[in-house]
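>>> below: sequence and its predicted model.
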Amino acid sequence: VQLVESGGGLVQPGGSLRLSCSVSGLIGSIGTMGWYRQQLGKQRELVAEVTEGGSTNAADSVKGRFTISRDNAKDTVSLQIDSLKPEDTAIYFCHADGLALEAGAPAWGDYWGQGTQVTVSS
């Protein structure tokens, strides 16, 4: 299973970024897809997630500024980030859960991307 993220970078406060993640290797449909972030010295935290049916959930700190979306036909999930703040600086990780073959048998699991750095600074 591979999750490949793109779209991170350096942006000024108030700017925007769009993160994208492409998932491959899962069997059939993907369950929940989402984005987490890990700020320096802190634990990884949920940013936003979207279920297979399209229901979304987001952290209070990003509501109104971050928008998550998924394309089930392309097995991708995106995060539109607007009105960026310095405190949004973090490594952002793509997450998906779904069915994959493990040791020849299907098993439900959680899968992560390598992470993409977002830095908000003037």
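Yep, that arrived.
>>> pick out the residue nearest the middle of this structure.
A centroid search over the chain (C-alpha atoms, centre = their mean) returns W35, at 2.4 Å, as the residue closest to the centre.
>>> how far away is that one from E5?
Separation of W35 from E5 (C-beta to C-beta, to the nearest Å) stands at 9 Å. All C-beta spots, glycine's among them, are computed from the backbone N, C-alpha and C.
>>> would you agree the residue nearest to the centre of the chain is in contact with I91?
No. Using C-beta atoms under 8 Å, W35 is not in contact with I91; the gap is 10.9 Å.
>>> mind exporting the C-alpha coordinates of stretch 47-58 to PDB?
C-alpha atoms of stretch 47-58 as PDB (Å, rounded to 0.1, in the frame of the first residue of the first chain):
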ATOM      1  CA  VAL A  47      -6.600  17.800  10.900                       C
ATOM      2  CA  ALA A  48      -9.600  16.600   8.900                       C
ATOM      3  CA  GLU A  49     -11.000  13.400   7.600                       C
ATOM      4  CA  VAL A  50     -13.700  12.300   5.100                       C
ATOM      5  CA  THR A  51     -15.600   9.000   5.100                       C
ATOM      6  CA  GLU A  52     -16.200   6.900   2.000                       C
ATOM      7  CA  GLY A  53     -19.700   8.400   2.000                       C
ATOM      8  CA  GLY A  54     -18.500  11.900   2.100                       C
ATOM      9  CA  SER A  55     -19.000  12.900   5.700                       C
ATOM     10  CA  THR A  56     -16.300  15.200   7.000                       C
ATOM     11  CA  ASN A  57     -14.800  16.000  10.400                       C
ATOM     12  CA  ALA A  58     -12.200  18.600  11.100                       C
END
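>>> contacts for it, please.
29-37, 46, 59, 62, 66-70, 72, 77, 79, 92, 95 (C-beta atoms under 8 Å, 6 or more residues apart in numbering).
>>> one more time with 6 Å, if that's ok
29, 31-37, 59, 62, 66, 68, 70 (C-beta atoms under 6 Å, 6 or more residues apart in numbering).
>>> next one: stretch 19-38
Contacts of stretch 19-38 (C-beta under 6 Å, 6+ apart): 1-7, 44, 46-52, 70, 75-79, 90-100, 113.
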